[in-house]
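Q: Turn this into a model:
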Amino acid sequence: MDFLKEIKNRDELLNILNAAIDKIYKHDLHTKINAETSPEDLNYISNIFSNYCSNQLTKPEMLDYFPLTPELKDCVLKAVETRKLQICKHLMNQNNSKNIPLMKSFDWDIKYIIGNSSLSSHREQKATLAFNCQHNGKLEALSIEINREAVDKMIKELENCSAVNELL
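A: Sure thing, here's the model as predicted:
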């Protein structure tokens, strides 16, 4: 973090901080911001921000890692606070996808079945749901077929989740 001691320019600092935040999302970011800033430096700052956003560091503890003037420390705080919600959501999704598949997107279709091999008068609606999930950093596809009652129950549960999410 010695390279931070040399920074006197607010714009240069913001470029470094935003690159470190971007690195939280994009692990393959290998661009150098300036001659003194290495990918390891960006990883270090990214880890500090990740720890702060996951409440492992308080504001004063986080700012202690930055040997800067009070004005530039204020820039550090503004940079991370501006994107804190995004960082928290990303870290939560990343953590959750380690234990269970995390749904990234889904697709659905409805079929109306008229008869089957044992009964020609059989009538039934089926919904096919295809979930694209992330699990341990890999994308996986999960497909299920359910009847109308299960669809209704699923919609009700999703509405309950939405109501709880609005409270948060």
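
Q: Tell me who's in contact with Tyr52.
A: Neighbouring residues of Tyr52 by C-beta atoms under 8 Å, 6 or more residues apart in numbering: Lys59, Glu61, Met62, Val80. Every C-beta, even on glycine, is put in place using the N, C-alpha and C of the backbone.

Q: and the residues you listed, which are buried?
A: Met62, Val80 (16 or more other C-beta atoms under 10 Å).

Q: Now render the contacts of Tyr52 as a markdown table, adding pLDDT and distance to Lys126.
A: What follows is the contacts of Tyr52, written out as a markdown table (pLDDT from 0 to 100; distance: C-beta to C-beta, whole Å):
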| residue | pLDDT | distance to Lys126 |
| --- | --- | --- |
| Lys59 | 94 | 53 |
| Glu61 | 95 | 55 |
| Met62 | 94 | 52 |
| Val80 | 94 | 48 |
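
Q: Among the contacts of Tyr52, which one sits closest to Leu13?
A: Nearest to Leu13 among those is Val80, at 12.2 Å by C-beta to C-beta.

Q: re the thing from before, taking the contacts of Tyr52 one by one, which sit in helices?
A: Among those, the members falling in helices are Lys59, Glu61, Met62, Val80 (criterion: DSSP state H).

Q: Distance from stretch 48-67 to the middle of the chain?
A: Relative to the centre of its chain, stretch 48-67 is centred 19 Å away, using C-alpha atoms, centre = their mean, to the nearest Å.
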